[in-house]
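>>> quick one, fold the following:
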Amino acid sequence: MPHNLSRCFALPDTPLLVGIKQQNANGQRISDWTNNPDNCAAHWAEEEQFILAHLIPLLLCGEQSAQLVFNQEITRLFSQSTVENQSMVNSLIEVEEDESRHDQALQWILQHLPIVPTQKKIQGQARLFYAKLGRGEGRCQHFIKIAVLDACVTQIMHEFEHSSLGVSHPFAVLCGLIKKDEAKHVYVAKHYAQALGATPSMFKSEQVAVCKSLHKLLSSQNQHFAALGVELARVFNALEAKWQ
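This next block holds a predicted model:
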């Protein structure tokens, strides 16, 4: 069933360095997952489809926001054309390409899920959260938040991977693959923020704020997370404890 949601954020411009694109091993696995008709959400149980119809818009907004942020930074760095920037540009391009693959996989799922009345409201709440994330902030502060957010997403993907769906469910398999990418993205965003002047105390202050805001956003769909056996309170308490 075609869904009626527009993109949370516009597709980014094609990076000027797109010619260096390389498919990494995990990226190939995600592409293979998306191209496998056996993974189509139309085959999933009706209850699973209904639950995920409420959760996928939250995930999609994050992937689309990340694509745009990383693309803009790639373009900015490339315009400076310095040798020092080349390694970081390559890392950022790889992250953007990862996020694009995640976006495509989640879009494919959503296209085969039922349209639920609150989907546009859910998407609107997610769009507002991500739009506010970098509003009025310098680049250093923004990438600190991205590193913290990606750490949260990594944990949430782990929860989906080991949810009541079962580890062999196609969605659980996809989330396990996305988790591996997001863990890498934490490292890239953290390293880049540090290159821009981030300090440990700056990370610590943002960990609390970002975690609290994301928890509030996701809690709007708490019943659907819980239906998959994902306890948001436990997840975020564990994250906060890790960062103490």
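>>> any idea which helix or strand comes after the longest helix along the chain?
When the chain is parsed with DSSP state H, its longest helix is helix 46-80. Scanning forward in sequence from helix 46-80 by DSSP states H and E, the next helix or strand is helix 83-111.
>>> elements contacting that following helix?
Helices and strands touching helix 83-111, by 3 or more Cβ pairs under 8 Å, 6 or more residues apart in numbering; DSSP states H and E, are helix 25-34, helix 46-80, helix 170-195. To be clear about C-beta, it is placed using only N, CA and C from the backbone, and glycine gets the same treatment.
>>> of all these, which one comes closest to F129?
Closest to F129 of those is helix 46-80 (Cβ to Cβ; 7.7 Å).
>>> what comes up buried for the closest one?
48-49, 51-75, 77-78 (16 or more other Cβ atoms under 10 Å).
>>> any chance of the helices and strands packed on helix 83-111 in CSV with mean pLDDT and distance to L133 as columns?
Output for the helices and strands packed on helix 83-111, formatted as CSV (pLDDT from 0 to 100; distance: least, Cβ to Cβ, whole Å):
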stretch, mean pLDDT, distance to L133
helix 25-34, 96, 24
helix 46-80, 91, 7
helix 170-195, 96, 12
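>>> three-state assignment of A198?
coil (DSSP: H, G, I helix; E, B strand; the rest coil).
>>> next, the contact list for it, please.
Residues in contact with A198 (Cβ atoms under 8 Å, 6 or more residues apart in numbering) are C140, F143, I144, K190.
>>> quick one, phi psi at it?
A198 has phi and psi values of phi -70, psi 140 when expressed as degrees, to the nearest 10.
>>> where are the low-confidence patches of the chain?
1-4, 13-23, 81-84, 136, 244 (pLDDT under 70).
>>> same thing but 80
Scanning the chain with the threshold set as pLDDT under 80 gives 1-6, 9-23, 78-86, 134-137, 241-244.
>>> who wins on neighbours among the contacts of A198?
Within the contacts of A198, most neighbours by other Cβ atoms under 10 Å means I144, with 28 neighbours.
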